[in-house]
Every structure is written in structure tokens, then in C-alpha cells.
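Would you be able to build a 3D model of this:
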Amino acid sequence: MTKLFTRFSEDLQLKGLSQKTSTMLTIVAKQLIKHYQKSPEEISNEERRQYFLYKKNVRQ
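Below you'll find the predicted structure:
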């Protein structure tokens, strides 16, 4: 999983995002993976959508 997050971090850098934004996106990605207990490749777009709706409406 470390290789995946290293690649993710590098891709965020290439997009020109700040370090703070990159760190927050990595934290969110890890929370999403923990929530579904699946590898990122196995999480569907609908699962991601449902997770972010949950975070917005329930957890805030």
C-alpha cells in the first residue's frame, strides 16, 4: 500500500497542489480505504459517492 500512496503523493505534486492539500487528500483516501476495508482499486465510484455523502451529512 505504501507504493500506492507514494505514487498518489507524486501525482498530486505533478498537479501542482500544495503540500497541505496533498496531505489532506491522502488522509481522506486512507479513511475511505479503512471505511470499506478494500483496496482502492476495488472501491467503486458509487461507493465513493456514498462515502462522501455520509461524511457530509452524518459525520460533517
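
Next, the residues that contact the lengthiest helix in the chain from outside, please.
Counting residues, the longest helix found in the chain (DSSP state H) is helix 19-36. Contacting residues not belonging to helix 19-36 are listed as 1, 5, 8-9, 12-13, 17, 39-40, 42-43, 47-48, 51 [C-beta atoms under 8 Å, 6 or more residues apart in numbering]. For glycine as for every other residue, the C-beta is placed from the backbone atoms N, C-alpha and C.

Can you flag which of those belong to strands?
Using DSSP state E, no member of these sits in strands.

I'd like to know how far residue 14 sits from residue 38.
Relative to residue 38, residue 14 is positioned 26 Å away (C-beta to C-beta, to the nearest Å).

and the worst-scoring helix or strand of the chain on mean pLDDT with helix 19-36, angle?
Here the helix or strand of the chain ranked lowest by mean pLDDT, DSSP states H and E is helix 2-14, holding a mean of 88. If you take axes from the mean of the first three to the mean of the last three C-alpha atoms, to 10 degrees, helix 2-14 sits at 140 degrees to helix 19-36.

just checking, what packs against helix 2-14?
Counting contacts by 3 or more C-beta pairs under 8 Å, 6 or more residues apart in numbering; DSSP states H and E, helix 2-14 packs against helix 19-36.

For the helix it packs on, what is the distance to the chain centroid?
The chain centre lies 4 Å from the centre of helix 19-36; the measure is C-alpha atoms, centre = their mean, to the nearest Å.

Then stretch 36-53?
With C-alpha atoms, centre = their mean as the basis, stretch 36-53 stands 9 Å off its chain's centre.

Just the C-alpha atoms of that stretch, please, in CSV.
Extracted in CSV, the C-alpha atoms of stretch 36-53 (Å, rounded to 0.1, in the frame of the first residue of the first chain):
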residue,chain,number,x,y,z
TYR,A,36,-14.6,-0.1,3.1
GLN,A,37,-11.8,-2.3,4.1
LYS,A,38,-10.9,-2.8,0.4
SER,A,39,-8.0,-1.9,-1.8
PRO,A,40,-8.6,1.4,-3.6
GLU,A,41,-8.9,-0.4,-7.0
GLU,A,42,-11.9,-2.4,-5.6
ILE,A,43,-13.9,0.7,-4.4
SER,A,44,-16.5,1.7,-7.0
ASN,A,45,-17.5,5.2,-8.0
GLU,A,46,-20.8,4.6,-6.3
GLU,A,47,-19.2,3.6,-3.0
ARG,A,48,-17.0,6.7,-3.1
ARG,A,49,-20.1,8.8,-3.7
GLN,A,50,-22.0,7.2,-0.8
TYR,A,51,-19.0,7.6,1.5
PHE,A,52,-18.7,11.3,0.7
LEU,A,53,-22.4,11.8,1.2
